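>>> sequence first, predicted coordinates after that:
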Amino acid sequence: MTVESSLAEQQRAIVELYLHSKWIKASLALEDENLVIEYATNKRDQQILIEELHNHTNASNPNLTSNSRSNIHDPSDTITNQKRIVKIVKPDNIGLGISIKGGRENRMPILISKIFPNLPADQSGQLHVGDAILSVNGKDLQHVSHEEAVQILKTAGKEVELE
């Protein structure tokens, strides 16, 4: 076994996985040449996954310091599961500066796939790639097609409120 394959066996992470129309926590592990995905359907089992990840990391590499262990990213520690309102004021002739993906035909929410530098979305500092857009100026986007979402965003006006 080479050092490189030994390192690959130890790579694990907690991620958010969109499954059956909802976001759940999942554990990804790179074992040899295989990607192993484990997920739980309830909060108790999700917490067990997180604990197993921490325990696996500690057992597989005892040389890790407590500081390096804290670099393991648990999305629940961030704003990934929190709804928030972002208000952006922009000139009428300039777009928000985002690209989106998803929509009803893809059976996934409208997600920000790209933020263009120096445009209103970027300048606000409040939006991130991967954010779901649930509504625009109070108009629900949760069941619209991709093209409908694009049109709603394009015609949102000077003051845009995103949920």
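Now that the structure is in, tell me what you want to look at.
>>> only C-alpha atoms for contact and neighbour calcs from this point on.
Fine.
>>> residues in contact with residue 146?
Shown in contact with residue 146 (Cα atoms under 8 Å, 6 or more residues apart in numbering): 101-105, 110.
>>> between these, which has the most around it?
The most crowded member of the contacts of residue 146, judged by other Cα atoms under 10 Å, is residue 110 (26 neighbours).
>>> nearest spatial neighbour of that residue, chain-adjacent residues omitted?
Once flanking residues are discounted, residue 110 sits nearest to residue 102: 4.7 Å by Cα to Cα, 6 or more residues apart in numbering.
>>> tell me what the helix or strand hosting that neighbour is packed against?
Per DSSP states H and E: residue 102 is located in strand 98-103. If contacts are counted by 3 or more Cα pairs under 8 Å, 6 or more residues apart in numbering; DSSP states H and E, strand 98-103 sits against strand 108-115, helix 146-154.
>>> so what does the helix or strand harbouring residue 15 touch, helix or strand wise?
Per DSSP H and E: residue 15 is located in strand 11-19. Applying 3+ Cα pairs under 8 Å, 6+ apart, one finds that strand 11-19 makes contact with strand 22-31, helix 43-60.
>>> one step back: ranking the helices and strands packed on strand 98-103 by burial, who's on top?
Most buried of the helices and strands packed on strand 98-103, by mean neighbour count (mean count of other Cα atoms under 10 Å): strand 108-115, with a mean of 20.
>>> tell me the strands beside the strand holding residue 102, with direction?
Strand 98-103 has its sheet partners listed here by DSSP bridges as strand 108-115 (antiparallel).
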